[in-house]
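K.L.:
Just to be clear, the model below is a prediction. Sequence and coordinates:
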Amino acid sequence: MLEGLKSLRFQIFLLLLIFGIVPGFFLRAGLLSAYEHRAVEVQTSDITGQAQLLATQIASSNYLSDQSEENISVQLDQMSTMYDGRILLVDAAFTVVEDNYQLDEGKVILLPDVIRAYRGETVQTYDRDNHYIEVILPIIDQHTSGTRGVLMVSESTDSMELNRGYLKQWALLIQLLIGVMVIVIGCSVSVVMTKPLKRLAKSVRDVHDGYENDFKGIDTYTETAAISAACHGMLRRLQILDETRQEFVSNVSHELKTPLASMKVLADSLIGQEDVPVEFYREFMTDIGEEIDRENKIINDLLSLVKMDKTSANVNISSVNINELMELIMKRLRPIARKQNVDLVLESFRPVIAEVDEVKLTLALSNLIENAIKYNRPEGWVHVSLNADHQNFFVTVEDNGIGIPEEDQDHIFERFYRVDKSHSREIGGTGLGLAIARNAVILHRGAIRVHSAEGEGTTFTVRIPLNYIEG
């Protein structure tokens, strides 16, 4: 039930229903009110005009004192018949001298409206509940400009109410017809408008069921075209991720099997020979130990990468002195640099305190500097610099090593990607160091850039905010 009420088709139908039918009620009410107002206005104006003519004739005669004048009496009867109403003639003493209904003759009337009229004001009243219009006006002597009496004319509005009833019935009938048309049109429009969305939903369900290649874009509306484009992009991204995952699994399997295969060959060689000299055993066991170390390094790098892939909730942020951190990293790597006969230099331009995950940042920077040392040349150099501005700090790792070919620079941060596979095996690389470094920098909402020329050297630049930005 609730799902049906939330559907776009129902919402469109409901909007059309509201905007198609509800205004009809206001239109009908407004139309009836306008008719009533106009009818009362016209009728009141007509009564007032006729009553003023009659009041002028009464004022010029002596009818208020002597009702025997036939001309005025006839006009009073004609006016009463014309308007199907009651006419009262009140003299200066507020006494009723003429009542065509013969109910109040001789009585004194001191109604507020009568007093207002006697003072020279024309009073017009519409009583909707009792269905009559009443006009009360003064009878003014043309010579003295004094008020000689008051003329009261009341007219029934039954005929107007009857016409209003007919108009109301026709308005209701038209409104019902419009309501039926709106319902039919609303149902049709809601079905037509939501049909592309249903087709789009079916295509998405097909993808969910495993038919990735059956997705069909819907460009009926601008919005459905945008959604289709987004779905195509998402599917392409998912395909790339799936391909990357398969490639990653394949690479992991290959990288883990290679040391095991080497150890298996070495072990079989020892087992297959008798009376092997101790030196031979020592050489083979040394090779096996190196393969074990290599296997262990691959596993450790994989574990580090998995940790980097987790959400920022696992980031342990604290305020760290980056200068001291860099000195510690350099201290650990200088023995490797001396072994490779590479000159390792750190230059700090200013004190830097930043909010970082010390462990992950240390791993990232260590990998960058260690790569610069390992992929260098004898008598080479690695220059590490630390600088900062008011928002970020920057670590630059520059070397004059073998460099990276331009066609490989877009792929060096991919897992297990190696520019020179043979040289990587010689120095014990796993192909995960730069991927780990990049993930660590991204976790800090930073960025890493590379500039390299083959045979000339490489420069990595890392930018990280001084204040950690929550994701």
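P.N.:
Received the coordinates, thanks. Numbers count the residues shown, from 1 in each chain.

K.L.:
burial count for residue 357?
P.N.:
By the measure other Cβ atoms under 10 Å, the count of residues near residue 357 is 20. From N, CA and C alone the C-beta is placed, and that goes for glycine too.

K.L.:
Report the secondary structure state of the residue of the chain most remote from its centre.
P.N.:
Distance to the chain centre peaks in the chain at residue 68, reaching 86.4 Å (criterion: Cα atoms, centre = their mean). Using DSSP: H, G, I helix; E, B strand; the rest coil, the structure places residue 68 in coil.

K.L.:
Residue 20 too?
P.N.:
Residue 20 falls in the helix class when you classify it by three-state DSSP.

K.L.:
quick one: it and residue 358, what's the gap?
P.N.:
Using Cβ to Cβ, to the nearest Å, residue 20 is found at 66 Å from residue 358.

K.L.:
now swap in residue 105 and tell me
P.N.:
Residue 105 is 113 Å from residue 358, by Cβ to Cβ.

K.L.:
next one: residue 460
P.N.:
Per Cβ to Cβ, residue 460 is found 20 Å from residue 358.

K.L.:
Repeat that for residue 140.
P.N.:
Residue 140 is 106 Å from residue 358, where distance means Cβ to Cβ.

K.L.:
Give me the pLDDT for the residue nearest the centre of the chain.
P.N.:
Nearest to the geometric centre of the chain sits residue 223, at 13.5 Å (Cα atoms, centre = their mean). With respect to pLDDT, residue 223 scores 70.

K.L.:
Repeat that for residue 55.
P.N.:
Per-residue pLDDT puts residue 55 at 86.

K.L.:
give me phi/psi at it?
P.N.:
Phi and psi for residue 55, reported as degrees, to the nearest 10, are phi -60, psi -30.

K.L.:
Look up how far residue 107 lies from it.
P.N.:
Applying Cβ to Cβ, the value for residue 55 to residue 107 is 21 Å.

K.L.:
Pick out whichever of these two has more residues nearby.
P.N.:
Using other Cβ under 10 Å, the more surrounded residue of residue 55 and residue 107 is residue 55, with 21 against 12.

K.L.:
which residues sit in contact with the more buried one?
P.N.:
The contact partners of residue 55, taken as Cβ atoms under 8 Å, 6 or more residues apart in numbering, are 137-140, 151.

K.L.:
lowest-confidence helix or strand of the chain?
P.N.:
Within the chain, no helix or strand scores below helix 421-427, which has a mean of 47 by mean pLDDT, DSSP states H and E.

K.L.:
After that helix, which helix or strand is next?
P.N.:
Downstream of helix 421-427, the next assigned helix or strand under DSSP states H and E is helix 433-443.

K.L.:
circling back: could you check which helix or strand contains the residue nearest to the centre of the chain?
P.N.:
Taking DSSP H and E as the criterion, residue 223 maps to helix 222-271.

K.L.:
Below-threshold pLDDT in the stretch 151-300 of the chain: ranges please.
P.N.:
Counting by pLDDT under 70, the low-confidence segments of the stretch 151-300 of the chain come to 206-221, 240-259, 261-262, 275-276, 280-281, 290-291, 293-295, 297-300.

K.L.:
how about a cut-off of 80?
P.N.:
179, 182, 186-300 (pLDDT under 80).

K.L.:
Same question for the stretch 351-471 of the chain.
P.N.:
Ranges of the stretch 351-471 of the chain meeting pLDDT under 80: 406-433, 436, 469-471.

K.L.:
Would you map the helices across the chain?
P.N.:
Secondary structure of the chain (DSSP state H): helices at 2-6, 8-60, 70-83, 112-118, 158-208, 222-271, 278-309, 322-339, 358-374, 421-427, 433-443.

K.L.:
and the third one with helix 8-60, angle?
P.N.:
Following axes from the mean of the first three to the mean of the last three Cα atoms, to 10 degrees, one obtains 170 degrees for the angle between helix 70-83 and helix 8-60.

K.L.:
who's in contact with helix 70-83?
P.N.:
Under the contact criterion Cβ under 8 Å, 6+ apart, helix 70-83 has outside partners 47, 50-51, 54, 57-58, 61, 63, 67, 86-87, 89, 98, 100, 153, 155-156.

K.L.:
List only those of those residues flagged as buried.
P.N.:
Among the contacts of helix 70-83, those buried by neighbour count (16 or more other Cβ atoms under 10 Å) are 47, 50-51, 54, 58, 63, 86-87, 89, 98, 100, 153, 155.

K.L.:
tell me the two of those residues that are most distant?
P.N.:
63 and 155 (21.5 Å; Cβ to Cβ).

K.L.:
which residues touch residue 397?
P.N.:
Residues near residue 397 by Cβ under 8 Å, 6+ apart: 365, 368-369, 372, 382-384, 459-460, 462.

K.L.:
Contact partners for the residue nearest to residue 453 when sequence neighbours are not counted?
P.N.:
Nearest non-adjacent residue to residue 453, counting by Cβ to Cβ, 6 or more residues apart in numbering: residue 403, 5.3 Å away. Residues near residue 403 by Cβ under 8 Å, 6+ apart: 452-458.

K.L.:
Out of these, flag the one nearest to residue 410.
P.N.:
When these are compared against residue 410 (criterion: Cβ to Cβ), the nearest one is residue 452, at 11.6 Å.

K.L.:
is that closest one in a bridge, and if so with what?
P.N.:
Note on residue 452: beta-bridge partners by DSSP bridges are residue 458.

K.L.:
Would you agree it is in contact with residue 459?
P.N.:
Yes. If you go by Cβ atoms under 8 Å, residue 452 and residue 459 touch, sitting 7.0 Å apart.

K.L.:
These two: which has the busier surroundings?
P.N.:
More neighbours surround residue 452 than the other of residue 452 and residue 459, with 21 against 15 (other Cβ under 10 Å).

K.L.:
how much space between the more buried one and residue 321?
P.N.:
For residue 452, the distance to residue 321 equals 30 Å [Cβ to Cβ].

K.L.:
Can you report how many residues lie near residue 436?
P.N.:
24.

K.L.:
er, residue 83 I mean
P.N.:
Neighbours of residue 83 (other Cβ under 10 Å): 21.

K.L.:
and it, what pLDDT?
P.N.:
Taking residue 83 on its own, its pLDDT is 78.

K.L.:
Any of the contacts of residue 55 buried? List them.
P.N.:
Buried among these by 16+ other Cβ under 10 Å: 137-140, 151.

K.L.:
Leaving out sequence neighbours, find the closest residue to residue 158.
P.N.:
In space, residue 158 is closest to residue 131, 5.7 Å off (Cβ to Cβ, 6+ apart).

K.L.:
just checking, the one you found touches residue 155?
P.N.:
No. The criterion here is Cβ under 8 Å, and residue 131 misses it with residue 155 at 9.8 Å.

K.L.:
of residue 460 and residue 358, who's got more company?
P.N.:
Per other Cβ under 10 Å, whichever of residue 460 and residue 358 has more neighbours is residue 460, with 24 against 16.

K.L.:
now that one: how far from residue 343?
P.N.:
Distance, residue 460 to residue 343, by Cβ to Cβ: 18 Å.

K.L.:
my guess is residue 149 contacts residue 58, does it?
P.N.:
Yes. Using Cβ under 8 Å, residue 149 is in contact with residue 58, at 7.5 Å.
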